[in-house]
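K.L.:
The sequence isn't on hand, but the structure is:
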């Protein structure tokens with residue numbers, strides 16, 4: 001089985017609009033329509049009104065509608081129907097993403113002359129003031145577009161859906177059940193202890209509600225965190241209306257409360273919007289595929305009991321079943337990805353804090369947007385980021401990098417489990433979840449910052465290691481000690497209170513703050529081509545290794561076939577595999593077959609033109625300026641016939657194995673075997689006879705192969721073949737009993753059996769040219785040569801790079817060639833020569849043909865032996881077909897393979913070890929149990945430490961807050977604050 005995909009080569013840098021959607025975590029369509037407007041499951045999808053609404057961005061100043069609560073911030077306001085988004089000028093201080101259906105009222109404020117301000121009342125009772133600082137016509141246009149978008153949301157009824165949806169969020173219960181700060185010092189953490197069955201609450205939660213959350217709630221300071229978050233959510237919105245001010249990032253770095261963690265993860269990541277837009281999708285998906293078994297479900301079953309087995313929920317059927325459903329649902333929704341190792345660890349971790357539906361959508365966002373390519377069959381995203389991580393270590397920690405190179409420690413391999421499992425498999429869960437909090441808040445750069453900080457903190461010890469084993473042992477010791485004091489011997493009690501994990505966060509966000517999103521994107525662009533070539537080389541060897549049989553080809557020859565096939569797939573990708581409904585496909589006792597790439601007829605024609613000279617038309621063009629070879633893919637019924645001849649499984653598509661077996665049946669043949677192969681190719685009924693129509697079709701096939709040959713030699717050979725075939729065929733037709741042997745042959749229909757293999761062989765051997773063609777020339781037209789693969793698109797996104805990509809296109813090359821050809825014709829230097837497929841005869845002299853093989857006796861009488869059964873007539877050729885004639889040819893030119901496509905025996909440099917690590921990821925992903933993760937009973941949690949916080953981290957977070965700039969002058973800030981109390985325009 002081989003899966004061949006060129007999608008990595010077709011990667012395109014995201015556009016500005018796509019980057020904006022990614023930044024604001026906006027969801028994409030779940031079921032993209034096909035050509036008929038149907039969704040992934042065949043349902044009809046109506047045209048989206050949002051697609052017709054115009055998007056717009058405008059300069060604005062944001063103020064929270066509570067005097068003195070927050071500073072005002074300058075930034076950009078985006079209308080991205082059905083969402084409204086804002087980001088401050090520094091792109092880190094303030095941002096929000098609001099569904100338009102959560103906006104209850106929009107009013108224009110009565111402000112000073114020249115000031116254009118809007119007041120937006122949100123679902124949770126908050127008010128935000130937006131001052132539009134662009135020109136008046138621009139502001140009017142923005143308001144008009146916003147009004148139109150709000151009308152569409154009202155018509156669709158989404159505003160009614162908000163009320164039921166927010167009830168599924170724990171933050172609603174948290175804020176509703178806690179008293180306001182001004183009403184006294186009531187217990188702020190009481191909401192965290194409220195039973196989830198209280199009142200009409202229907203908020204969603206994870207397995208931790210029943211099986212308890214990892215860690216000791218008292219040591220994790222759940223009460224103080226809950227109090228801080230309650231105060232923030234009350235004034236800054238929650239779930240669908242959350243406003244992310246600097247204090248939000250500060251609280252996330254301190255750590256999320258256990259019961260709020262799941263909701264905050266889906267809010268920060270944007271999976272909350274997917275769940276809101278697709279109610280009931282998860283349940284429908286499971287119902288539609290109930291009972292379905294495929295490769296992914298089998299792999300999932302193997303890994304279920306290896307998913308955080310130390311956590312009590314996954315020692316019970318309830319936890320295992322929930323994990324199974326989430327992983328299977330994702331594989332059903334994304335059949336091309338299916339299931340990948342480490343997905344089980346990720347899903348098991350998030351299910352502790354989230355319901356199945358929440359976990360399903362979060363897994364979708366992680367795999368498709370936050371970490372694209374991490375959990376794909378090729379794991380290209382992981383390999384690329386490991387290469388980026390190595391580059392960052394080389395830049396930021398050169399001494400450690402050089403030492404690892406000297407002792408042959410592959411940092412990219414050792415850090416693979418960190419990135420693949422988001423540190424869940426490497427460190428205690430209570431600390432890994434803290435890193436995940438920051439990951440969902442600040443993006444993938446957190447993984448690189450934490451990874452670099454780990455190496456820096458352990459730098460002195462790393463310089464003493466000598467091999468991979470010592471590196472892994474050192475890391476395990478360090479991760480196990482994250483809860484210990486970072487400065488146990490310090491005289492300062494505050495320093496002794498700082499744990500190693502707090503130190504890790506300090507180093508990550510302070511010393512490696514230079515690692516930004518732009519840094520990661522730039523490094524990915526730099527190394528993407530390198531990784532793609534490595535993966536393609538690895539996939540090539542895997543495809544060759546997975547062949548059931550190489551037939552008579554060597555691995556090098558099979559590699560050349562793969563190269564030609566891969567190029568054809570790049571030019572004409574095969575259609576996506578469409579699976580029938582589960583109920584018609586399998587039962588629980590029968591699994592689906594493994595996915596395999598199969599090419600259709602269009603792709604096959606391109607492939608055949610790469611290896612077969614008569615399947616293409618090559619024109620050598622000279623015009624006085626250049627000499628070039630224009631290649632066109634030929635179209636003929638012979639190629640279609642060959643495609644279906646090789647399709648022995650009658651699936652309408654060919655696999656790599658089908659192509660290798662098909663080529664083996666023609667490239668190693670001798671004279672008699674080639675004649676028999678050509679006969680069988682045109683024997684439409686497979687009855688051992690050619691009809692008159694088949695003879696004509698075979699003659700047309702020969703004319704097609706000989707169409708570009710010099711002179712009339714081959715044309716004369718085909719003419720004599722037709723004459724001899726019909727003459728000999730008529731002579732050997734059986735006469736009625738008692739009929740005169742010299743009488744004319746009886747007339748038969750054109751679709752009746754006419755000549756058999758023995759007759760066809762004699763007709764071919766009657767002509768010297770055809771005999772020579774089938775003996776050597778025909779097999780020689782199949783040539784296995786290195787294929788120059790198309791270069792990958794240039795990843796340079798700079799100004800000049802973009803200009804060059806727009807200029808150096810295929811269409812522009814054709815225009816240039818046409819222009820130079822016109823000039824060449826004008827000066828009389830334009831010439832076109834068509835390269836022959838065989839090229840054996842270079843003069844117009846025609847060889848002398850042999851005499852007819854029909855003797856006068858044969859012309860007068862029928863040959864009873866020629867009318868025997870097909871099995872009898874083919875018996876004499878069985879011996880000759882079982883051995884390889886000395887005259888058979890297989891042309892493989894010893895040309896050095898093109899650097900753009902590595903040969904089958906080439907190493908997949910530069911990172912062979914990474915692929916070995918990915919292949920044996922199961923061994924590397926084994927998790928060490930940590931005692932600190934043991935769930936403790938949090939009912940006796942005291943509120944006495946509610947005012948005590950993680951001082952070591954908060955000191956750094958406070959510094960982080962001071963670094964934020966609102967982008968406003970004092971006068972502008974004063975004006976923005978005045979607008980908070982402004983009255984609406986009457």
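P.N.:
Now that the structure is in, tell me what you want to look at. In this text, all values refer to a predicted model and were calculated from it rather than measured experimentally.
K.L.:
would residue 475 count as being in a strand?
P.N.:
No. With DSSP: H, G, I helix; E, B strand; the rest coil as the criterion, residue 475 is helix rather than part of a strand.
K.L.:
Now do it, the pLDDT please.
P.N.:
If you check residue 475, the pLDDT there is 95.
K.L.:
What of the one 5 residues further on?
P.N.:
Residue 480 carries a pLDDT value of 94.
K.L.:
what about it, distance to residue 500?
P.N.:
Computed with C-beta to C-beta, to the nearest Å, the distance linking residue 480 and residue 500 is 10 Å. Bear in mind the C-beta positions are built from the backbone N, C-alpha and C, glycine included.
K.L.:
Looking at the two, which one has more neighbours?
P.N.:
Of the pair residue 480 and residue 500, residue 500 is the one with more neighbours under other C-beta atoms under 10 Å, namely 18 against 15.
K.L.:
low-confidence ranges in the stretch 751-900 of the chain?
P.N.:
Across the stretch 751-900 of the chain, the ranges flagged by pLDDT under 70 are 789-811, 841-900.
K.L.:
Counting by contacts, list what the strand or helix carrying residue 362 packs against.
P.N.:
Using DSSP states H and E, residue 362 sits within helix 356-365. The contact analysis (3 or more C-beta pairs under 8 Å, 6 or more residues apart in numbering; DSSP states H and E) places helix 356-365 against helix 258-269, helix 271-277, helix 281-288, helix 317-333, helix 343-351.
K.L.:
If we use 6 Å, what do you get?
P.N.:
helix 258-269, helix 271-277, helix 317-333, helix 343-351 (3 or more C-beta pairs under 6 Å, 6 or more residues apart in numbering; DSSP states H and E).
K.L.:
Mind checking what helix or strand follows it in sequence?
P.N.:
Counting by DSSP H and E, what follows helix 356-365 is helix 380-396.
K.L.:
now what about that following helix, what contacts it?
P.N.:
The contact list for helix 380-396 (C-beta atoms under 6 Å, 6 or more residues apart in numbering) reads 8, 371-374, 401, 411-412, 415, 419-420, 448, 451-452, 523-524, 527, 531, 535, 914.
K.L.:
go with 8 Å
P.N.:
Contacts of helix 380-396 with the rest of the structure, by C-beta atoms under 8 Å, 6 or more residues apart in numbering, involve 8, 371-375, 400-401, 411-413, 415-416, 419-420, 444, 447-448, 451-452, 455-456, 512, 515, 519-520, 523-524, 526-528, 530-532, 534-535, 911, 914-915, 918.
K.L.:
In helices, which of these fall?
P.N.:
Within these, residues falling in helices by DSSP state H are 400-401, 411-413, 416, 419-420, 447-448, 451-452, 455-456, 519-520, 523-524, 526-528, 530-532, 534-535, 914-915, 918.
K.L.:
among these, which ones are buried?
P.N.:
400-401, 411-413, 416, 419-420, 447-448, 451-452, 455-456, 520, 523-524, 527-528, 531-532, 534-535, 914-915, 918 (16 or more other C-beta atoms under 10 Å).
K.L.:
circling back: let me know the average pLDDT across the helix holding residue 362.
P.N.:
Averaged over helix 356-365, pLDDT sits at 97.
K.L.:
Give me the angle between that helix and helix 281-288.
P.N.:
Angle, helix 356-365 to helix 281-288, by axes from the mean of the first three to the mean of the last three C-alpha atoms, to 10 degrees: 100 degrees.
K.L.:
next one: phi and psi at residue 753?
P.N.:
Main-chain torsions, residue 753, degrees, to the nearest 10: phi -50, psi 130.
K.L.:
Please name the nearest non-neighbouring residue to it.
P.N.:
Nearest non-adjacent residue to residue 753, counting by C-beta to C-beta, 6 or more residues apart in numbering: residue 689, 3.5 Å away.
K.L.:
ok so, going back, with respect to residue 26, which of the helices and strands packed on helix 356-365 lies nearest?
P.N.:
For the helices and strands packed on helix 356-365, proximity to residue 26 was assessed by C-beta to C-beta; helix 271-277 is nearest, at 7.0 Å.
K.L.:
Mean confidence (pLDDT) on the helix or strand hosting residue 501, please.
P.N.:
For residue 501, the host element (DSSP H and E) is helix 500-511. For helix 500-511, mean pLDDT is 94.
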